[in-house]
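*Asks:* give me coordinates for this.
(one chain, ligands or ions: 1)
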Amino acid sequence: GASRLWGGRFAGGPSEALARLSLSTHFDWRLARHDIAGSRAHARVLHGSGLLTGDELEQMLAGLDQLETDVESGEFTPVLADEDVHTALERGLVERIGADLGGRLRAGRSRNDQIATLVRMYLREQARAISSELLDVVSALADQAEANGDAPMPGRTHLQHAQPVLLAHHLLAHAWPLVRDVERLRDWDRRAAVSAYGSGALAGSSLGLDPEAVAAELGFSSSAENSIDGTAARDVIAEFGFVSAMIGVDLSRFSEEIILWATREFSFVTLDDAYSTGSSIMPQKKNPDIAELARGKAGRLVGDLTGLLTTLKGLPLAYNRDLQEDKEPVFDAVDSLRLLLPAFAGMVGTLVFDRTRMAELAPEGFSLATDVAEWLVRQRVPFREAHEIAGACVRVCEERGIDLVDLTDEDFTAISPHLGPGVREVLTVRGALESRAAKGGTAPARVKDQLERLRAAVAGH
Ligand code: ARG
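*Replies:* Numbering: from 1, shown residues only. Below you'll find the predicted structure:
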């Protein structure tokens, strides 16, 4: 028999084309466990308002337990006529406890308040898993920072050599955005922790059911203030989509660097065999596929968010069937991140850096020119003039094809009388690094503090 929840006013069943278009069980079936949890809570409030006897409640709960077992074992699965997860599970319940009792559960609720609630339950659970997987990436970065100690590298702006920095400082710069992403998920959860159950189709329930009791049982901190908002709003889903996209973009920026660093030209890093791939034709190849897939998935995650926002734009209140299109993008975001994050953490944890090469390149490209200018400032030369003088040093070096340290005392005085031989003290990578000793700077002592604070942030989550 048809399991449709709305047959009464229709003369015939839906066309097959409509049934196929309408179908959502191939993606909303993952909400079955939450749907059943919602049904248990709903059965209890039906009992609380006298619409189910104690006996009926017990039978209902036993039926739901049986249904859950059968869903988990794969014994019970949806069929084409089921339309969605809610319909399928009502059919399953009726098959187990009969239509007389099973048919009572739907009173006072609608698929509109159900789906809004279940998606939140599911995403809250996934957000916790994603946070923990993100923190694994952060810890892998922290371990790498620690293992690479005081090793310097060329710091870049515009992808050009700028100033030397610690490799650890650079790695930790990729960790902090991920910590903020974890914070974003936690902050998001406060808004997601509101149940829509009790909103009914849009106007609320007339049966004396307590939405707060359902909310509490399902782990929410409250229920919706407004039943229209409860069933129609998807901003919380879109916000989850944004945080997912941001995580993708953050990983993608790091990925781009790993891909560059692994090139022959950079030769900064070697990827572990277990976290890189080969070529089917070129025997010598070792490719950074995890980083590339992360970069690719970032595009996909941005697409998920864009699709979702575009679906929402211009939708009138309250529920519209368009809203069924909210789930695939956000589920895709979840699946993409859950696949990507463990591989990414493994890749980061096994990177091997060529510290010698990075140290050799750190002073190249006149990356200590700023240190010359700042040395002059400490000799009371105005920075405007100091900048000019240091620039003149670079010009002379470039003309002669030498480095700043190769300039003689005579060269220095010829460029500016302010330049004494003392300037040589700052013309080392070590000196440049150690001088950036204010909070947040790349001085080894500050990076140690930073690492400690990062570890504490990880431990605090
Ligand atoms: N499957 C729908 C969704 O995902 C929920 C059911 C609401 N359907 C309806 N015809 N009111 O949004």
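*Asks:* where's residue 388 relative to the ligand, distance?
*Replies:* Distance, residue 388 to the ligand, using C-beta to the nearest ligand atom, to the nearest Å: 66 Å. C-beta coordinates here come from the backbone N, C-alpha and C atoms, glycine included.
*Asks:* with adjacent residues omitted, what lies nearest to the residue of the stretch 151-300 of the chain found nearest the ligand?
*Replies:* Ranked by C-beta to the nearest ligand atom, the top residue of the stretch 151-300 of the chain for proximity to the ligand is residue 201, at 7.2 Å. Spatial nearest neighbour of residue 201, chain neighbours left out: residue 110 (4.1 Å); criterion: C-beta to C-beta, 6 or more residues apart in numbering.
*Asks:* tell me how far that neighbour lies from the ligand.
*Replies:* Applying C-beta to the nearest ligand atom to residue 110 and the ligand gives a distance of 7 Å.
*Asks:* contacts only, for that residue.
*Replies:* By C-beta atoms under 8 Å, 6 or more residues apart in numbering, the contact set of residue 110 is 199-202, 231.
*Asks:* turn these into TSV, including secondary structure and neighbour count.
*Replies:* Converted to TSV, the contacts of residue 110 look like this (DSSP: H, G, I helix; E, B strand; the rest coil; neighbours: other C-beta atoms under 10 Å):
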residue	secondary structure	neighbour count
199	coil	29
200	coil	21
201	coil	15
202	coil	18
231	helix	27
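*Asks:* closest one to residue 243 out of the residues you listed, please.
*Replies:* Closest approach to residue 243 among the contacts of residue 110 (C-beta to C-beta): residue 231, at 23.2 Å.
*Asks:* wait, the closest one sits on residue 198?
*Replies:* No. Between residue 231 and residue 198 there is no contact under C-beta atoms under 8 Å: 10.3 Å.
*Asks:* overlap in contacts, these two.
*Replies:* By C-beta under 8 Å, 6+ apart, the residues touching both residue 231 and residue 198 are residue 113.
*Asks:* with adjacent residues omitted, what lies nearest to residue 348?
*Replies:* Per C-beta to C-beta, 6+ apart, closest to residue 348 is residue 140, 4.1 Å.
*Asks:* what count of nearby residues applies to residue 420?
*Replies:* 14 (other C-beta atoms under 10 Å).
*Asks:* contact partners for it?
*Replies:* Taking C-beta under 8 Å, 6+ apart, one finds 379, 409, 412-413 in contact with residue 420.
*Asks:* the residue in the stretch 351-461 of the chain positioned nearest to the ligand and residue 343, how far apart?
*Replies:* Residue of the stretch 351-461 of the chain nearest the ligand, by C-beta to the nearest ligand atom: residue 461 (31.7 Å). As for residue 461, its distance to residue 343 is 21 Å (criterion: C-beta to C-beta, to the nearest Å).
*Asks:* outline the domain layout of this structure.
*Replies:* 16-107, 117-209+227-360, 362-455 (automatic domain parsing).
*Asks:* contact partners for the closest residue to the ligand within the stretch 1-150 of the chain?
*Replies:* Proximity of the stretch 1-150 of the chain to the ligand (C-beta to the nearest ligand atom) peaks at residue 111, 3.4 Å away. Listed by C-beta under 8 Å, 6+ apart, the contact set of residue 111 reads 5, 84, 86-87.
*Asks:* among those, name the buried ones.
*Replies:* In the contacts of residue 111, burial by neighbour count holds for 5, 84, 86-87, counting by 16 or more other C-beta atoms under 10 Å.
*Asks:* also near the ligand: which of those residues, exactly?
*Replies:* Counting by C-beta under 6 Å from any ligand atom, residue 84 from the buried ones among the contacts of residue 111 sit close to the ligand.
*Asks:* what is the most widely separated pair among the contacts of residue 111?
*Replies:* Across the contacts of residue 111 (C-beta to C-beta), the longest gap, 8.9 Å, separates 5 and 84.
*Asks:* related to what we said a few turns ago, near the ligand too, which of the contacts of residue 420?
*Replies:* Okay, of the contacts of residue 420, nothing touches the ligand (C-beta under 6 Å from any ligand atom).
*Asks:* how about the residues of the stretch 51-200 of the chain by the ligand?
*Replies:* Looking at the ligand, the residues of the stretch 51-200 of the chain close enough under C-beta under 6 Å from any ligand atom are 84, 111-112, 115.
*Asks:* and what of the stretch 251-400 of the chain?
*Replies:* 319, 321, 323-324, 327.
*Asks:* can you verify residue 163 is assigned to a strand?
*Replies:* Yes. Counting by DSSP: H, G, I helix; E, B strand; the rest coil, residue 163 is part of a strand.
*Asks:* got the contact list for the residue nearest to it when sequence neighbours are not counted?
*Replies:* Leaving aside its sequence neighbours, residue 163 sits nearest to residue 155 (C-beta to C-beta, 6+ apart; 5.0 Å). Listed by C-beta under 8 Å, 6+ apart, the contact set of residue 155 reads 161-165, 170, 367, 442.
*Asks:* check for me that residue 266 belongs to a helix.
*Replies:* No. Read with three-state DSSP, residue 266 is coil and lies in no helix.
*Asks:* can you pull the pLDDT of the closest residue to it other than its chain neighbours?
*Replies:* Nearest residue to residue 266 in three dimensions, chain neighbours excluded: residue 260, at 5.6 Å (C-beta to C-beta, 6+ apart). Reported pLDDT at residue 260 in the predicted model: 98.
*Asks:* please, which helix or strand holds residue 260?
*Replies:* Assigned by DSSP states H and E, residue 260 falls within helix 235-261.
*Asks:* redo the contacts of residue 110 as JSON lines? Include pLDDT.
*Replies:* Formatted as JSON lines, the contacts of residue 110 follow (pLDDT from 0 to 100):
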{"residue": "199", "pLDDT": "97"}
{"residue": "200", "pLDDT": "96"}
{"residue": "201", "pLDDT": "96"}
{"residue": "202", "pLDDT": "97"}
{"residue": "231", "pLDDT": "98"}
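*Asks:* ok so, going back, what about the residue nearest to residue 266, how many neighbours?
*Replies:* 15.
*Asks:* correct me if wrong: it contacts residue 254.
*Replies:* No. Proximity of residue 260 to residue 254 does not meet the contact threshold set by C-beta under 8 Å, at 10.9 Å.
*Asks:* list the residues that contact the residue in the stretch 301-450 of the chain positioned nearest to the ligand.
*Replies:* Going by C-beta to the nearest ligand atom, the ligand is nearest to residue 324 of the stretch 301-450 of the chain, at 3.7 Å. By C-beta under 8 Å, 6+ apart, the residues touching residue 324 are residue 24.
*Asks:* got a pLDDT number for it?
*Replies:* 98.
*Asks:* count the residues that sit near residue 138.
*Replies:* Neighbours of residue 138 (other C-beta under 10 Å): 25.
*Asks:* also the one 4 residues further on?
*Replies:* Here the count is done by other C-beta under 10 Å, and residue 142 has 22 residues near it.
*Asks:* quick one: buried ones out of the residues of the stretch 251-400 of the chain next to the ligand?
*Replies:* 319, 323-324, 327.
*Asks:* the helix or strand that contains residue 215 - contacts with which helices or strands?
*Replies:* Remark: residue 215 resides in helix 211-217, with elements defined by DSSP H and E. If you count contacts as 3 or more C-beta pairs under 8 Å, 6 or more residues apart in numbering; DSSP states H and E, helix 211-217 packs onto helix 32-48, strand 194-195, strand 222-223.
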